[in-house]
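A.B. asks: only geometry, no sequence info:
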């Protein structure tokens, strides 16, 4: 699934679909790059071959944000349409999504990373939404930050435009793991391998269960997840294989069905 891309790389191997931002050193996202990311996400959605999607980067920054040149009055509407289109496709993916951040993730780059289901960062990674300092606000961060860190902490980050380091981002609940720079790639690979060692349909159903119940009452959430568990999960071959393997004291052999 390499595709014909100029500003990104896209491939699938060993259960991992990987989109790599490839406009170093800062991976500034212009409309052309957004279009390529959107198309790659659509391709991954259609192929349905991966167990996990990884958003990665070349260069010293995950992404320093959206091109200021694309914020001009004649371009901003099409830019926002394309930018938000990426996130709508990302949100629609059934597979777990994971961002690898080994450097700065600022503005739209921070939004792209944080919007993933999980974020793995190196100790030199930084995160921030400095849009307020140039007279705008970050639309996607305004939606996703309160869900992750609560309203008041989200407002602090968005209203000050402060840039925080990886450990502070983890403490706030924005990201999942922080690894030393020297072995970041190895540790990230080990984390990804934990996911690819599991059943594809069970990974997807677990993500659906969490997302489905997130904004429901506890009782409605229990009923909804119960329906998913009995109606879909327990109809998969892998659920039965996993349970039988445990009883038989052996490793499961996933059929991904």
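C.D. replies: That came through fine. Please read these numbers as outputs of a predicted model, since none were measured by experiment.
A.B. asks: first-to-last residue distance for stretch 126-135?
C.D. replies: 22 Å (CA to CA, to the nearest Å).
A.B. asks: mind listing what's buried in it?
C.D. replies: Residues of stretch 126-135 classed as buried under the neighbour-count rule (16 or more other CB atoms under 10 Å) are 126, 127, 128, 129, 130, 131. From N, CA and C alone the C-beta is placed, and that goes for glycine too.
A.B. asks: can you report how many residues neighbour the residue lying closest to the third one once chain neighbours are set aside?
C.D. replies: I take that to be residue 128. Leaving out its chain neighbours, the residue that sits closest to residue 128 by CB to CB, 6 or more residues apart in numbering is residue 163, at 3.3 Å. Residues lying near residue 163 (other CB atoms under 10 Å) number 17.
A.B. asks: taking the centroid of the protein, which residue is nearest it?
C.D. replies: residue 116 (1.8 Å; CA atoms, centre = their mean).
A.B. asks: now that residue: how far from residue 10?
C.D. replies: Residue 116 sits 16 Å away from residue 10, going by CB to CB, to the nearest Å.
A.B. asks: the residue nearest to the centre of the chain against residue 98, yeah?
C.D. replies: Yes. Using CB atoms under 8 Å, residue 116 makes contact with residue 98 at a distance of 5.8 Å.
A.B. asks: joint contacts of those two?
C.D. replies: Counting by CB atoms under 8 Å, 6 or more residues apart in numbering, the contacts common to residue 116 and residue 98 are 53, 55.
A.B. asks: wait, a helix at residue 5?
C.D. replies: No. Counting by DSSP: H, G, I helix; E, B strand; the rest coil, residue 5 is located in no helix; its state is coil.
A.B. asks: and it, how far from residue 218?
C.D. replies: Counting by CB to CB, the gap from residue 5 to residue 218 is 44 Å.
A.B. asks: neighbour count: the two, which is higher?
C.D. replies: Set side by side, residue 5 and residue 218 show more neighbours around residue 5, with 18 against 8, by other CB under 10 Å.
A.B. asks: not counting sequence-adjacent ones, nearest residue to that one?
C.D. replies: residue 36 is the one closest to residue 5 (CB to CB, 6+ apart), at 4.9 Å.
A.B. asks: for the one you found, what are its contacts?
C.D. replies: Counting by CB under 8 Å, 6+ apart, the residues that residue 36 touches are 5, 6, 7, 8.
A.B. asks: could you rerun that using 7 Å?
C.D. replies: Contacts for residue 36 (CB atoms under 7 Å, 6 or more residues apart in numbering) come out as 5, 7, 8.
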